[in-house]
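*Asks:* Can you look at this prediction? I've put the sequence above it.
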Amino acid sequence: MGYATGPANLREVTAAISKLNTRKRDLQKTVGLEHERVYWTKEEKPRRIVEKYFTPQEDDRVRAEIAELDDRIKRLMNMEAEMREERAIDEHAADPCPFCGSTSLRIANFSTGLFGITCMNATCEIRGPYSGTRLGAVNKWNARIKSK
């Protein structure tokens, strides 16, 4: 991708995903393709032969590259989702943690399908309240702070 530590922002991540998906589609088009060649015989008659573009070993190499691209795309999509979650806190202006005052907050997507604010301060690490949406979690977080 050309990044020393990976893409730096959401735009770069999205562009990298698009680029990898394009490369993957191009490779998928080549696997198992055949083409027709015309040879001229000594009798000057055309002889048509159907050949594979790639040998079976080359097809296997292309399939392995497609699998590697799938892995890279999945990792980048996870990174993109995390960046979007972090952006959601900025967009919805979550108030600082009511327990430690930290502004280092993150929206966590729990396995239950609920979202909750997590304080990233190592001494606090408070979680919640939970909601079915990111915005709902931020609103509940802010309401909890105001009710104290």
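*Replies:* Yes, it's here. Residues are numbered from 1 along each chain as shown.

*Asks:* Every contact and neighbour count from this point should use C-alpha atoms.
*Replies:* Fine.

*Asks:* Return the residues in contact with the most centrally placed residue in the chain.
*Replies:* With distances taken as C-alpha atoms, centre = their mean, the residue of the chain nearest its centroid is M77 (0.9 Å). With contacts taken as C-alpha atoms under 8 Å, 6 or more residues apart in numbering, M77 has the following neighbours: V13, I17.

*Asks:* Okay, buried residues for stretch 134-148 please.
*Replies:* By neighbour count with 16 or more other C-alpha atoms under 10 Å, stretch 134-148 contains the buried residues R134, L135, G136, A137, V138, N139, K140, W141, N142.

*Asks:* ok, which pair from these is furthest apart?
*Replies:* Within those, two members stand farthest from each other by C-alpha to C-alpha: R134 and N142, at 12.5 Å.

*Asks:* Secondary structure element holding P96?
*Replies:* Taking DSSP states H and E as the definition, one finds P96 inside no helix or strand.

*Asks:* Was I right to think it contacts R106?
*Replies:* No. Counting by C-alpha atoms under 8 Å, P96 stays clear of R106, with 11.1 Å between them.

*Asks:* What helices and strands are in contact with the strand or helix carrying G136?
*Replies:* Counting by DSSP H and E, the element that carries G136 is helix 134-147. Contacting helix 134-147 under the criterion 3 or more C-alpha pairs under 8 Å, 6 or more residues apart in numbering; DSSP states H and E are the following elements: helix 56-92, strand 115-119, strand 127-131.

*Asks:* give me that answer again for 7 Å
*Replies:* In this structure, helix 134-147 packs against strand 115-119, strand 127-131, with contacts taken as 3 or more C-alpha pairs under 7 Å, 6 or more residues apart in numbering; DSSP states H and E.
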